[in-house]
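Chemist: can you look at this prediction? I've put the sequence above it.
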Amino acid sequence: MSTTRPYPPGDRGPEPGGASGTASAPASASGEGGGRQARRLSFEDASGVVPLARDFTREALYAWGWLPSATADQRAAAEDVLLVVSELVTNACLHAEGPDELSITCEKKVIRLEVSDRGTGQPAPRTPHRAGRPGGHGMFIVQRLCLDWGVVRTPGVAGKRVWAELGAPA
């Protein structure tokens, strides 16, 4: 269910132009240090979960300096994150009894989105993908925009976590 990446999770490889070193980010909302920032949103008893998830994600992007965007590339990276959140939450609504929680983690050069649900289905891009037909584009979009994505199941626990990783803006 995932693409193959040339670097380990959380790392997009060497900095462009041969730059080295890592920038230290402020401590996260969850109290974790070391440049890792994380936020969680519970959807318990919530309605309008897709716009709620987008607004929550947008607030995190502002807090973490992804927004406001100084360049077109940075703006595109933030919009990609918002689109992927929308697709993952929408898929949980349509195919998995609705989402339980959204988790957003930013570490190094990667942002990780996770949507948990109680569904038993296995998300996959619809094949063949037909761009002109309505519906069935969600996981195709996720696959195209993300560095990697996948599904995590915990034995003995109903549901799953669908995760996706995107690169931070340059």
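Modeler: Thanks, I have the structure now.
Chemist: Q37 against C106, yeah?
Modeler: Yes: between Q37 and C106 a contact is recorded at 4.6 Å, counting by CB atoms under 8 Å. From N, CA and C alone the C-beta is placed, and that goes for glycine too.
Chemist: which one's more surrounded, those two?
Modeler: C106 (25 against 22; other CB atoms under 10 Å).
Chemist: run through the bridge partners of the more buried one.
Modeler: With DSSP bridges applied, the residues forming beta bridges to C106 are Q37, I111.
Chemist: from the contact counts, what lies against the least confident helix or strand in the chain by mean pLDDT?
Modeler: Taking mean pLDDT, DSSP states H and E as the measure, the helices and strands of the chain show their lowest mean at helix 138-145, namely a mean of 90. Based on contacts counted as 3 or more CB pairs under 8 Å, 6 or more residues apart in numbering; DSSP states H and E, the elements that helix 138-145 packs against are helix 72-95.
Chemist: quick one: residues contacting L94.
Modeler: For L94, the contact set (CB atoms under 8 Å, 6 or more residues apart in numbering) is empty.
Chemist: so how far is D80 from it?
Modeler: 21 Å (CB to CB, to the nearest Å).
Chemist: look up phi and psi at the spatially most central residue of the chain.
Modeler: Nearest residue to the geometric centre of the chain (CA atoms, centre = their mean): L113, 2.7 Å. For L113, the backbone dihedrals (degrees, to the nearest 10) come out as phi -110, psi 140.
Chemist: which positions within stretch 49-60 qualify as buried?
Modeler: Applying a neighbour-count criterion of 16 or more other CB atoms under 10 Å, one finds V49, V50, L52, A53, R54, F56, T57, R58, A60 buried in stretch 49-60.
Chemist: quick one on the thing from earlier: report all helices and strands that the helix or strand following the least confident helix or strand of the chain contacts.
Modeler: Per DSSP states H and E, helix 138-145 leads on to strand 148-152 as the next helix or strand towards the C-terminus. Packing contacts for strand 148-152, counted by 3+ CB pairs under 8 Å, 6+ apart, involve strand 160-167.
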